[in-house]
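Asker: kindly return the folded structure for what I paste below:
(one chain, ligands or ions: 1)
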Amino acid sequence: MTYSELSAQIFQKQSYLCIGLDTDPRKLPRHLLTESDPVFAFNKAIIDATHDLTVAYKPNIAFYEAQGPRGWESLQKTLDYIPNDCFTIADAKRGDIGNTSDLYARAFFDPTAAGLAFDSVTVAPYMGRDSVTPFLAYEGKWVILLALTSNIGSADFQRQLVGDQELFEMVIETARTWASPDQLMFVVGATQVDEFSRIREMAPDNFLLVPGVGAQGGNLEEVSRLGLTAKGGLLVNASRSILYASDGLDFAEKARAEAKALQTEMARQLAHIR
Ligand SMILES: O=C(O)c1cc(=O)[nH]c(=O)n1[C@@H]1O[C@H](COP(=O)(O)O)[C@@H](O)[C@H]1O
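Answerer: The predicted structure is shown next:
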């Protein structure tokens, strides 16, 4: 999906919601456990209940890898089931020497080489340019680079001064020379609102993937006020607060209600920028 297509989806659906498919087999509603693939059955019901309210889905790969080969199969089926009008993110946080990143890129971007057909993958910037560029070699595919993450440990390295900049600022400034906003997003945690204006100034056109509303307590209104652009420019992720709103027969209905509440607030915020 291109930048302008993603932007168009945001205004059409009045939503910049990304639903994190962090599907934990230990948290599935009991009635799904008799299904041949309970993880896929759960994801399918969540997608059916929410696809008109969300512009993106982000399966976190850890939840699938932890299930071994069955998990990869559930992931592939889930990806195939996501409608074409939704952007897809492999939240894998990859990055290695170029030779190895090349294979990671194939794994998520190249179905002709037995890989998956995601639109984007999350990448850690720590190993530098040659660890990131193999992902950018795929035309039309996106790198979502970790800049300032939502967790407490983000202070350990990302907030440290390197010269007169914090490390996350250096990541943003440098990575912007590697790719255009058509292929490069940054991850900025919703828990980091104090830094949002500064980040938006440094990366005025880049989409920001913002996890951390819901279970981690980030504030959607503040994130939106400081991060939205005339093109949208935000994908705000929620995972657990949507997926596990109920563990009963009504789980999909309750998930929809959570997604709807976020989408309603997003529509309100989008009205301010037009
Ligand atoms: O890259 C991410 O998506 C990510 C970056 C970050 O800084 N913080 C963060 O929580 N995430 C991911 O976003 C999701 C957040 O899930 P919930 O806290 O359940 O909404 C998880 O899949 C995390 O791995």
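Asker: which ones are touching residue 228?
Answerer: Applying CB atoms under 8 Å, 6 or more residues apart in numbering to residue 228 gives the contacts 16, 234, 269, 270, 272, 273. Yep, even glycine has a C-beta here, placed from its N, CA and C like the rest.
Asker: for residue 125, see how far away the residue lying farthest from the centre of the chain is.
Answerer: Most distant residue from the mean C-alpha position of the chain: residue 163, 30.5 Å away (CA atoms, centre = their mean). Per CB to CB, to the nearest Å, residue 163 is found 17 Å from residue 125.
Asker: swap in residue 269?
Answerer: Distance, residue 269 to residue 125, using CB to CB: 29 Å.
Asker: which one's more surrounded, these two?
Answerer: Legend: neighbour count by other CB atoms under 10 Å for residue 269 and residue 125, higher for residue 125 (24 against 20).
Asker: ok, and the closest non-adjacent residue to that one?
Answerer: In this structure, residue 125 finds its nearest non-sequential neighbour in residue 171, 4.8 Å apart by CB to CB, 6 or more residues apart in numbering.
Asker: so what's the gap between the one helix or strand the one you found maps to and the chain middle?
Answerer: If you go by DSSP states H and E, residue 171 is part of helix 167-175. Distance, stretch centre to chain centre, for helix 167-175: 19 Å (CA atoms, centre = their mean, to the nearest Å).
Asker: show the contacting residues for residue 133.
Answerer: With CB under 8 Å, 6+ apart, residue 133 has these contacts: 98, 101, 178.
Asker: on the three-state scheme, residue 88 is what?
Answerer: What DSSP: H, G, I helix; E, B strand; the rest coil gives for residue 88 is strand.
Asker: oh, and call the first residue 25 from now on, that's how I've got it
Answerer: All set: I'll call the first residue 25, so the last point we hit is now residue 112.
Asker: neighbours of it, how many?
Answerer: Neighbours of residue 112 under the rule other CB under 10 Å: 23.
Asker: kindly report the same for residue 250.
Answerer: By the criterion of other CB under 10 Å, residue 250 has 17 neighbours.
Asker: now do the phi/psi pair for the residue farthest from the centre of the chain.
Answerer: Main-chain dihedrals, residue 187, degrees, to the nearest 10: phi 70, psi -130.
Asker: and the pLDDT at it?
Answerer: pLDDT, residue 187: 95.
Asker: how much space separates it from the ligand?
Answerer: Per CB to the nearest ligand atom, to the nearest Å, residue 187 is found 24 Å from the ligand.
Asker: how is the closest residue to residue 43 other than its chain neighbours assigned, secondary-structure-wise?
Answerer: Once flanking residues are discounted, residue 43 sits nearest to residue 78: 4.9 Å by CB to CB, 6+ apart. What three-state DSSP gives for residue 78 is coil.
Asker: so residue 78 touches residue 283, yeah?
Answerer: Yes: shown here, residue 78 and residue 283 form a contact pair, counting by CB atoms under 8 Å, at 6.2 Å.
Asker: phi and psi next, for residue 82.
Answerer: Here is the backbone geometry of residue 82 (degrees, to the nearest 10): phi -130, psi 90.
Asker: do residue 141 as well
Answerer: Dihedral angles for residue 141 - degrees, to the nearest 10 - are phi -120, psi 60.
Asker: give me the neighbour count for the nearest residue to it once chain neighbours are set aside.
Answerer: With sequence-adjacent residues excluded and distances taken as CB to CB, 6+ apart, residue 141 is closest to residue 135, at 4.7 Å. Residue 135 has 12 neighbouring residues, counting by other CB under 10 Å.
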